[in-house]
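Undergrad: Give me the fold of what follows.
(one chain, ligands or ions: 2)
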Amino acid sequence: MLKLYDTQSGAVTPVEAADGKQLRFYCCGPTVYAAAHIGNFRTFVAQDVFRRVVELGGLRSKHVRNLTDVDDKTIRNSVAQGIPLKEYTATWTNKFHDDCQSLNCLTPHIEPSAVAHIPEQISMIEQLVDKGHAYASDDGSVYFRISSYADYGKLAKLDKQNLNLGQTANGRADTDEYEKDSVADFVLWKGRRDEDGENYWNSPWGEGRPGWHLECSAMSHKYLGADFDLHSGGVDLIFPHHENEIAQSRCACGGHFSRLWFHITHLLVDGAKMSKSLGNMYTLDELVEMDYSPASLRYLLSSSHYRRPLNFTLGGLKDATSALNKLGRINKQLAKASGAKEPSYRDFCKKQPVLGIFAPAWDSLEDDLNLSEALGHVFSGIKGMKPAEMSCDEATQTWYALRFICEALGLQLPDPDAQVEAPAQVIAIAEERWRARVEKNWAGADELRGKLSELGWSMKDGKESYQLSKN
Ligand code: AMP
Ligand code: ZN
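TA: Ligands and ions are numbered 1, 2, ... in the order given. As a prediction, the model looks like this:
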């Protein structure tokens, strides 16, 4: 059975469905104001592996992940670019979906958007006001009264004695993101302001828009109820976002909210957090442009424990590509020796194959999603393996076991015999070299061959055309 480190209790805890049937979990989704960076994808990939291990372990799941399409950032950018909010966020939502597909992430069962759930958010604020946990201010905003919830700070282990609540100018925080030292009554509803342009809705407190923290409380309640099994996000969300979600949800709905909390440590670049605001980020497109595959990135993001920071380097991505190619070669040899039909993820959810030499890899996955250890076991398993010398049955069993672990990790293995498509830059140089050859400019052609080689490509000349291959 899968066990996971729970941020709230600080203990590695069995992941079970409270209703005995279906694991209900909520992941904070992307803020759709730009392309997600690969740090964001460390979190989304870890959550994807979590879901895969749950389902391949024989449990059904209900996975809800929201789209943050109304907050300070989406509004600021759409207003600055003069594009209606819906149109602006649709572009980045589509981009996010494309990237998720390239990275082989399963689609959540429900993907609610904040803009589509304004009435639910208003209704939650009304309940909080009615119960005395929230109050309206003069400018038509509504704030959550932190002092009304005694357990505030339990998840983030805030030392309330040393935190002077209400330390901001007016004892309130009205931006969506704020720092630990400014714990304050946080905004649930923001009264309409000029800088929000046309992005406002009617409410009992006048025109305005919801604060960021509220959407996850309202939408998780709608789709998963007042009590559900697990909630997840990157570690930066523990405070204030998740702390605020707990306070709002418990005070409005009375339930326990999430039983378990699964947080993923950040992806770093040169030791610093990768983030859009620091400008040290990579997107998937940038890496693909450099000729790396999404599968290599997924492998790299899986190569370190989710509770440890992972420092991203291009060298690491190169190593990930080699490791993936190695697995691709063994996979192909096993498939050939087996001659059986390739099973799908759905087949494996219904029935686990005999895992044999790959059983330790599965055990590592079930033990707090220890992906790096699991990969270590996979490579120990294939060491010295000679599929061509195996019987059909042995090859099939080994192949199915390898495929099962790869499905759990969401790894799409490359076909070693597939023609690799050359990037545009390489094709342009090859064309130039072909013209140089036709013109009998041998020195120029040699120089361009050198350029191709630097980029890791070779060119084989035929009579009428040429062939490009990767070195
Ligand atoms: P955002 O789009 O900023 O709302 O973030 C989407 C998800 O990515 C959230 O769960 C964040 O906690 C997570 N996240 C943000 N930056 C990083 C990072 N550098 N490494 C890992 N996860 C991150
Ligand atoms: Zn959230």
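Undergrad: If we go by neighbour counts, what in the lengthiest helix in the chain is buried?
TA: Looking across the chain with DSSP state H, the single longest helix is helix 314-338. Across helix 314-338, burial judged by 16 or more other Cβ atoms under 10 Å covers 316-317, 320-321, 323-324, 327-335, 337-338. Glycine gets a C-beta too; all of them are placed from N, C-alpha and C.
Undergrad: What are the structural domain limits within this protein?
TA: Residue ranges for the domains of the chain, per automatic domain parsing: 3-264, 269-409, 424-470.
Undergrad: and those as JSON lines, adding mean pLDDT?
TA: Output for these, formatted as JSON lines (pLDDT from 0 to 100):
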{"stretch": "domain 3-264", "mean pLDDT": "93"}
{"stretch": "domain 269-409", "mean pLDDT": "95"}
{"stretch": "domain 424-470", "mean pLDDT": "89"}
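Undergrad: Out of those, which is closest to Asp417?
TA: Closest of these to Asp417 is domain 269-409, at 7.2 Å (criterion: Cβ to Cβ).
Undergrad: beta partners for the closest residue to ligand 1 within the stretch 101-250 of the chain?
TA: Residue nearest to ligand 1 within the stretch 101-250 of the chain (Cβ to the nearest ligand atom): Gly234, separated by 2.2 Å. Counting by DSSP bridges, Gly234 is bridged to Ile264.
Undergrad: what number of residues lie near it?
TA: 21 (other Cβ atoms under 10 Å).
Undergrad: Can you classify the residue of the stretch 301-450 of the chain found nearest ligand 2 by secondary structure?
TA: Of all residues in the stretch 301-450 of the chain, the one sitting closest to ligand 2 is Tyr306 (18.0 Å; Cβ to the ion). Under DSSP: H, G, I helix; E, B strand; the rest coil, Tyr306 falls in the coil class.
Undergrad: That one reaches Ala46, doesn't it?
TA: Yes: at 4.5 Å, Tyr306 counts as touching Ala46 under the criterion of Cβ atoms under 8 Å.
Undergrad: Between those two, which is the more surrounded one?
TA: Higher neighbour count among Tyr306 and Ala46: Tyr306, with 26 against 23, using other Cβ under 10 Å.
Undergrad: what packs against the longest helix of the chain?
TA: Packing partners of helix 314-338 (3 or more Cβ pairs under 8 Å, 6 or more residues apart in numbering; DSSP states H and E): helix 294-301, helix 371-382, helix 392-409.
Undergrad: Could you say which of these is packed most deeply?
TA: helix 294-301 (a mean of 24; mean count of other Cβ atoms under 10 Å).
Undergrad: Now the element after it, going C-ward?
TA: strand 310-312 (DSSP states H and E).
Undergrad: Each with direction, which strands does that following strand pair with?
TA: Partners of strand 310-312 in the sheet, by DSSP bridges, are strand 267-269 (parallel).
Undergrad: So for the strand it pairs with, what gets flagged as buried?
TA: So, applying 16+ other Cβ under 10 Å, buried residues of strand 267-269: 267-269.
Undergrad: Next: stretch 20-32.
TA: Those would be 23-32, for stretch 20-32 by 16+ other Cβ under 10 Å.
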